[in-house]
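Visitor: I would like to see how this sequence folds:
(one chain, ligands or ions: 1)
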Amino acid sequence: MPTYKCFECEKKITTKKLDKRFVCPQCGGKIFYKPRTKLKKIKTD
Ligand SMILES: [Zn+2]
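Guide: Got it, this is the predicted structure:
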């Protein structure tokens, strides 16, 4: 399952928890990022 990290408090949040509201349950932050994974590199351009 994909996991995001809150930009504010760095709490790990699964996409399932973000399904209804894209808000951090811990600090209420609304900015998230995907932590680096070792899956594969994706070209962004
Ligand atoms: Zn947070």
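Visitor: how near is P35 to T44?
Guide: For P35, the distance to T44 under the criterion Cβ to Cβ, to the nearest Å works out to 17 Å. C-beta coordinates here come from the backbone N, C-alpha and C atoms, glycine included.
Visitor: What about I13? Give its phi and psi, please.
Guide: Dihedral angles of I13 (phi, psi; degrees, to the nearest 10) stand at phi -130, psi 130.
Visitor: tell me the contacts of it?
Guide: Under the criterion of Cβ atoms under 8 Å, 6 or more residues apart in numbering, the contact partners of I13 comprise T3, Y4, K5, C6, C24, P25, F32.
Visitor: Cross those residues against strands and list the overlap.
Guide: Per DSSP state E, strands hold the following members of the contacts of I13: T3, Y4, K5, C6, F32.
Visitor: Greatest separation within those residues: which pair is it?
Guide: Maximum pairwise distance in the ones in strands among the contacts of I13, criterion Cβ to Cβ, is 10.8 Å, between T3 and C6.
Visitor: So those two - more neighbours on which side?
Guide: Taking other Cβ atoms under 10 Å, T3 and C6 do not tie; C6 has more neighbours (20 against 15).
Visitor: Is the more buried one bridged to anything, and to what?
Guide: F32 (DSSP bridges).
Visitor: quick one: it and G29 touch, right?
Guide: Yes - if you go by Cβ atoms under 8 Å, C6 and G29 touch, sitting 5.0 Å apart.
Visitor: Tell me how many other residues surround F22.
Guide: As a burial measure, F22 scores 14 neighbours (other Cβ under 10 Å).
Visitor: Begin at 191, not 1, for the rest of this chat.
Guide: New numbering, starting at 191: the last item is F212.
Visitor: secondary structure class for it?
Guide: At F212, secondary structure determined by DSSP: H, G, I helix; E, B strand; the rest coil is coil.
Visitor: wait, what's in contact with the closest residue to it other than its chain neighbours?
Guide: In space, F212 comes closest to K220 once its chain neighbours are excluded; the distance is 6.4 Å by Cβ to Cβ, 6 or more residues apart in numbering. Applying Cβ under 8 Å, 6+ apart to K220 gives the contacts F212, V213, C214.
Visitor: what's the answer for F197, then?
Guide: If you count contacts by Cβ under 8 Å, 6+ apart, F197 has them with G219, I221, F222, Y223.
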